[in-house]
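Visitor: Task: produce atomic coordinates for the following.
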Amino acid sequence: MILTVAINLVLAHRLGSDIDTLLRTRAAAAVATAAVDGNGHMTIKEGSDDEALDSGVWFYSGERAVERPPGSGDAQASADALAGHGPEYADGDGIRLYAIPIVSGGSRVGTVVTSLSTAPYRRTREEALIGSVVLAALTLIGAYLALHLAATRALRPVDAMTLQASEWSASALTERFGPDQRFEELQVLAETLNGVLDRLTASVRHEQRLFAELSHELRSPLSLIVAETDLLLAREHDAEQVCAAHLQVRETAMAMNRILETLLSAGRAEVAKAAGSCRIDAVVETLLEHRSKRTPDRPDRTYSVDVPAGLVAGAEAAIVERVLGPLIDNAGRFARNTVAIAGRRTSDSVLIEVCDDGPGVPAGNGETIFEPGVQLASNRENRGAGLGLPLARRLARAAAGDVVFVGGSTFQVRLPPA
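Guide: Numbers count the residues shown, from 1 in each chain. So this is what the prediction gives:
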């Protein structure tokens, strides 16, 4: 549309300019045929091309027409209106006129008015407008068809890749697009779809691992509850035995609750990065208080806490509790007499160390203990579920930190500062 309008505007301007140029040329030629005597009388010289020149040319002496061509009254009226004027253009009924003065001896003695019919030029503009509109329409239709065909061919592999990714996401999460795409844009799309499939695969594996851990870890306490219930129903028991069985079921149910909370907290933390902040001393105090209520320690066991009051970590208190809880529980379980908890701030981290005076981790098992289900304790009293340390590390890493084994019976937790 812009090109069509611009072309027609330029054409109209050029045609108008050609008309004005032709009028000026004819007027100059007509002035050359006018002769003025000493008394100021004007006569017209006759020439071989007078017939062509006289067509549409008026000669005026003052405002009196000396010579005029045959024509309609409207054209002559328009020419009469230009007598004594000029240089000047005027438009009449289908014609354009131009007036130029005739000068002799430095004074004006007459006027020449030339005219030209604008009908041919108008037809040219109209034909050009119609032709350009038709050409523009054909161009648009042709461009649309060509672009539609090109876009369809270009997007065909995209449709195929989309369908393939949809099928893989439903039944083959291990499949990926290779690096042999034809166009760079499709290679970028392939990498994007591969990333989506990677995240989907990781999510599915995370769910499968969570379900497997829940199934594995809840099987034993559930079996214990069923066994205790079967014993209660199998025969009569005195009040003391019934109370002991109830306590055992309650403790087992609480253990199941702790397992569920730990696993679900780990799952939520891996899906969404931990945020917020908390005071480490308050978290440690809460954990020790819960532990004293849950499993009272021996009278000779002491907990040494050296955590500054202003030590703040950049993670939510619930996440930090789930990270430090298994470490403190393990230390309390294996310690002979003392459990030490210390915290400090470095240039880029908050460090918390938990250690005890127990036997420590056997040599060569510094990383093995972080694998799910690994239990190194030989006596049944100190055996756990094998999930505490792995989940503590997963939670810490989800909060942009980590849990590492330093040596002996010392573990270090690194968390981002607030």
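
Visitor: Let me see the ranges of the helices in this protein.
Guide: For the chain, the helices defined by DSSP state H cover 2-32, 50-54, 73-82, 119-171, 184-234, 239-271, 280-294, 317-334, 388-398.

Visitor: need these in TSV with mean pLDDT and distance to residue 97, can you?
Guide: To be clear about C-beta, it is placed using only N, CA and C from the backbone, and glycine gets the same treatment. Below are the helices of the chain laid out as TSV (pLDDT from 0 to 100; distance: least, Cβ to Cβ, whole Å):
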stretch	mean pLDDT	distance to residue 97
helix 2-32	89	7
helix 50-54	52	15
helix 73-82	82	6
helix 119-171	88	15
helix 184-234	78	63
helix 239-271	76	86
helix 280-294	85	100
helix 317-334	87	93
helix 388-398	83	90
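
Visitor: How about residue 317: what's its closest non-neighbour residue?
Guide: Distances taken as Cβ to Cβ, 6 or more residues apart in numbering place residue 278 nearest to residue 317, at 3.8 Å, with adjacent residues excluded.

Visitor: give the contact list for that neighbour.
Guide: Each residue near residue 278 by Cβ atoms under 8 Å, 6 or more residues apart in numbering is listed here: 312-313, 315-317, 320.

Visitor: Which member of those is positioned nearest residue 188?
Guide: Nearest to residue 188, judged by Cβ to Cβ, of the contacts of residue 278 is residue 315 at 35.5 Å.

Visitor: I figured the closest one was touching residue 414, is that so?
Guide: No - at 11.1 Å, residue 315 does not count as touching residue 414 under the criterion of Cβ atoms under 8 Å.

Visitor: ok, the nearest residue to residue 22 once chain neighbours are set aside - contacts?
Guide: With Cβ to Cβ, 6+ apart as the criterion, residue 22 has its nearest non-adjacent residue at 6.1 Å, and that residue is residue 116. Listed by Cβ under 8 Å, 6+ apart, the contact set of residue 116 reads 19, 22-23, 26, 56, 95-96.

Visitor: how about 6 Å then?
Guide: By Cβ atoms under 6 Å, 6 or more residues apart in numbering, the contact list for residue 116 reads 19, 23, 96.

Visitor: To residue 369, which of the helices of the chain lies closest?
Guide: Nearest of the helices of the chain (Cβ to Cβ): helix 388-398, 5.3 Å.

Visitor: elements contacting the closest one?
Guide: helix 239-271, helix 317-334, strand 402-407 (3 or more Cβ pairs under 6 Å, 6 or more residues apart in numbering; DSSP states H and E).

Visitor: Weed out the non-buried ones from the contacts of residue 116.
Guide: Buried residues within those, counting neighbours by 16 or more other Cβ atoms under 10 Å: 19, 23, 96.

Visitor: Any chance of CSV for those, columns distance to residue 392?
Guide: Listed next are the buried ones among the contacts of residue 116 as CSV, based on distance: Cβ to Cβ, whole Å:
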residue, distance to residue 392
19, 93
23, 99
96, 96
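
Visitor: With respect to residue 350, which of those is nearest?
Guide: Using Cβ to Cβ, the buried ones among the contacts of residue 116 come closest to residue 350 at residue 19, 88.6 Å.

Visitor: So that closest one versus residue 75, what's the distance?
Guide: Distance, residue 19 to residue 75, using Cβ to Cβ, to the nearest Å: 15 Å.

Visitor: ok, back up a step: more neighbours: which of residue 315 and residue 414?
Guide: residue 315 (28 against 19; other Cβ atoms under 10 Å).

Visitor: distance of the residue lying closest to residue 7 once chain neighbours are set aside from residue 144?
Guide: Closest residue to residue 7 apart from its sequence neighbours, by Cβ to Cβ, 6+ apart: residue 132 at 5.6 Å. Going from residue 132 to residue 144 by Cβ to Cβ gives 18 Å.

Visitor: got it, and residue 85?
Guide: 55 Å.

Visitor: of these two, who's got more company?
Guide: Comparing residue 85 with residue 144 by other Cβ under 10 Å, the one with more neighbours is residue 85, at 15 against 10.

Visitor: Quick one: residues contacting the more buried one.
Guide: The contact partners of residue 85, by Cβ under 6 Å, 6+ apart, come to residue 99.

Visitor: State the pLDDT value of it.
Guide: Reading off the confidence values, residue 85 has pLDDT 83.

Visitor: same check, this time on the one 10 residues further on
Guide: At residue 95, the pLDDT value in this model is 87.

Visitor: what do you get for residue 299?
Guide: 68.

Visitor: Tell me where the model's unsure across the stretch 301-418 of the chain.
Guide: Counting by pLDDT under 70, the stretch 301-418 of the chain shows low-confidence ranges at 373-387.

Visitor: From residue 158, how far off is the most centrally placed residue in the chain?
Guide: Centroid check for the chain by Cα atoms, centre = their mean gives residue 192 as the closest residue, at 13.0 Å. Separation of residue 192 from residue 158 (Cβ to Cβ): 11 Å.

Visitor: and what of residue 133?
Guide: If you go by Cβ to Cβ, the gap between residue 133 and residue 158 works out to 36 Å.

Visitor: Please apply the same query to residue 87.
Guide: Applying Cβ to Cβ to residue 87 and residue 158 gives a distance of 67 Å.

Visitor: So between the two, which is more surrounded?
Guide: Ranked by neighbour count (other Cβ under 10 Å), residue 87 and residue 158 place residue 158 first, with 13 against 10.

Visitor: send the alpha carbons of stretch 318-329 over as CSV?
Guide: Below are the C-alpha coordinates for stretch 318-329, written out as CSV (Å, rounded to 0.1, in the frame of the first residue of the first chain):
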residue,chain,number,x,y,z
ALA,A,318,12.1,-25.6,58.8
ILE,A,319,14.7,-26.4,56.3
VAL,A,320,17.6,-25.8,58.7
GLU,A,321,15.9,-27.9,61.3
ARG,A,322,15.7,-30.8,58.8
VAL,A,323,19.3,-30.4,57.9
LEU,A,324,20.7,-30.2,61.5
GLY,A,325,18.2,-32.6,63.0
PRO,A,326,19.7,-35.9,61.7
LEU,A,327,23.2,-34.7,62.6
ILE,A,328,22.2,-33.9,66.2
ASP,A,329,20.2,-37.1,66.5
